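**Student:** what's the 3D shape of this:
(one chain, ligands or ions: 1)
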Amino acid sequence: MKTVLISGAGIAGSTLAYWLTRHGFEPTVVERARGRRSSGNPVDVRGPARVVVERMGVLPELLAAATRVTRLSFVDDHGRRIGGMAMPSDDIELPRADLARLLSSAATADYLYDDTITALHQDPGGVDVTFENAAPGRFDLVIGADGLHSAVRRLAFGPERRFIDHLGIYVATVPLPDLVLDPHEVLLHNTPGRAVALHPGTGRGGAAFFFRSRAVPDFDHRDTDQHKRLLADAFAGGSWRIPDLLDQVPRADDLFFDSVSRVRLGSWSTGRIALLGDAASCVSLFGDGSTLAIAGAATLADALAAHRDDHAAALRAYESQHRRLTKPKQRFVSPASRLLIPATSYGIAARNAGTRLLSAVSRTRAA
Ligand SMILES: Cc1cc2nc3c(=O)[nH]c(=O)nc-3n(C[C@H](O)[C@H](O)[C@H](O)COP(=O)(O)OP(=O)(O)OC[C@H]3O[C@@H](n4cnc5c(N)ncnc54)[C@H](O)[C@@H]3O)c2cc1C
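**Tutor:** Next up, the predicted model:
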């Protein structure tokens, strides 16, 4: 086993490319985007992922690119702080695309940008791959690290509706370059079933909108006009800074909107094709997805190195080890979403009072 095609130069794909090269494999990465991007929604690197990036030697770059956020504050209609919590101090939080760019800069793989896999045919000796732009190729293994709406999963496992559950929440994020905020603080405003967060980012702040809703029947994650309509309807009549933020959405060049979703598959591999990161086990918002993507990539590379001549044994070892991390995260969605987006006024008041009490207790302990 030598040649590995990775679909997706995101967090999982870039980390995998790095470790496969280190283990003597020859990875090729195909990425739909035109090149390495920067910015994006802030994500976290913590726990097992912090260990992996340290071993990759990119921890100093990640720390330099990190946000300086230390606190999440809940605000009322007048912007007054009515609760909140400190952010864990060991976490590294940085824009998603910055993280992927720094991880991919560390890897010495062949990159095919602005391209995607269009067909996969495997036989006992390898996988024949057709691309939209590049010439067809044959690889020993193909790994789908191409996110929630994975093309590899669709081509090798079946249509995504069989594997994705809508978790009753939609999320939208929009960069707001003119937003001026305290660089240490994220602001969160709630009404029942709705939340709007303002994040200072790293010089380029942004807003995130969350709302509870049943699955929209004709929802299309690529239809920006539909997203703008859904957002305007969900937050119509909103207070605080919401009217002004909504005014900016139609002019935004980079609106992200999607269902908060869970991906579940009975098996993450079929023959010589396997899935990694969100493609295998996404919990879009509340599941430490970026940490799991990094940790899973390192586990997969180690398993392939340990079972060089037996891809089936390697993929089994990867899956059984990494599922131990993903399973608890997939169960954690409800409590986390109740904290961020309480469904009722009572839920909002109880959360705010609870966090005020916790802060008072920790201040007393510190005194
Ligand atoms: C709004 C939002 C906020 C989040 N906040 C957090 C957070 O605070 N903490 C946290 O840990 N996680 C967070 N996450 C989750 C985290 O972003 C993901 O779990 C993580 O990015 C998964 O990494 P990945 O590499 O599997 O997928 P991605 O980062 O999505 O990367 C997939 C890559 O594949 C490429 N691709 C897609 N389709 C194709 C194709 N057909 N062909 C080739 N390439 C393709 C994409 O362009 C991308 O580069 C958040 C997610 C969202 C949506």
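
**Student:** hey, which strand is longest across the chain?
**Tutor:** strand 164-175 (DSSP state E).

**Student:** which other helices and strands contact it?
**Tutor:** Under the contact definition 3 or more C-beta pairs under 8 Å, 6 or more residues apart in numbering; DSSP states H and E, strand 164-175 sits against strand 206-212, helix 224-234, strand 256-263, helix 333-340. For every residue, glycine as well, the C-beta is placed using N, CA and C.

**Student:** I'd like those laid out as CSV, including distance to the ligand, mean neighbour count and mean pLDDT.
**Tutor:** Output for those, formatted as CSV (distance: least, C-beta to the nearest ligand atom, whole Å; neighbours: other C-beta atoms under 10 Å; pLDDT from 0 to 100):
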stretch, distance to the ligand, mean neighbour count, mean pLDDT
strand 206-212, 6, 21, 95
helix 224-234, 13, 15, 94
strand 256-263, 6, 21, 93
helix 333-340, 11, 15, 82
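
**Student:** JSON lines for these, including distance to Val69?
**Tutor:** Formatted as JSON lines, the helices and strands packed on strand 164-175 follow (distance: least, C-beta to C-beta, whole Å):
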{"stretch": "strand 206-212", "distance to Val69": "12"}
{"stretch": "helix 224-234", "distance to Val69": "24"}
{"stretch": "strand 256-263", "distance to Val69": "19"}
{"stretch": "helix 333-340", "distance to Val69": "15"}
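
**Student:** which residues in the stretch 51-200 of the chain form strands?
**Tutor:** 71-75, 81-86, 92-95, 110-113, 117-123, 126-131, 137-139, 141-144, 164-175, 185-191, 194-199 (DSSP state E, counting those that start in this stretch).

**Student:** Hmm, I typed the wrong one, I wanted the stretch 251-367 of the chain.
**Tutor:** For the stretch 251-367 of the chain, the strands defined by DSSP E, counting those that start in this stretch occupy 256-263, 269-270, 273-275.

**Student:** What is the burial count for the closest residue to the ligand within the stretch 201-350 of the chain?
**Tutor:** Ranked by C-beta to the nearest ligand atom, the top residue of the stretch 201-350 of the chain for proximity to the ligand is Gly289, at 1.8 Å. Using other C-beta atoms under 10 Å, Gly289 has 24 neighbouring residues.

**Student:** and what of Arg80?
**Tutor:** Quick note: Arg80 (other C-beta under 10 Å) scores 9 neighbours.

**Student:** Enumerate the residues of the stretch 101-250 of the chain near the ligand.
**Tutor:** Thr116, Ala145, Asp146, Gly147, Ala151, Val171, Thr173 (C-beta under 6 Å from any ligand atom).

**Student:** And the fifth one, how far from Pro159?
**Tutor:** Meaning Ala151. When distance is defined by C-beta to C-beta, to the nearest Å, Ala151 is 12 Å away from Pro159.

**Student:** Also the last one?
**Tutor:** If you measure Thr173 against Pro159 using C-beta to C-beta, the figure is 26 Å.

**Student:** same question, the second one
**Tutor:** Between Ala145 and Pro159 the distance is 19 Å, computed by C-beta to C-beta.

**Student:** Which of these two has more residues huddled nearby?
**Tutor:** Shown here are Ala145 and Pro159; by other C-beta under 10 Å, Ala145 has more neighbours (31 against 9).

**Student:** Surely the more buried one is in contact with Ala17?
**Tutor:** No: using C-beta atoms under 8 Å, Ala145 is not in contact with Ala17, being 9.0 Å away.

**Student:** Give the residues shared as contacts by these two.
**Tutor:** Common contact partners of Ala145 and Ala17 (C-beta atoms under 8 Å, 6 or more residues apart in numbering): Ile6.

**Student:** what about the helices in the stretch 251-367 of the chain?
**Tutor:** Taking DSSP state H, counting those that start in this stretch, the helices of the stretch 251-367 of the chain run over residues 278-281, 289-306, 311-331, 333-340, 345-366.
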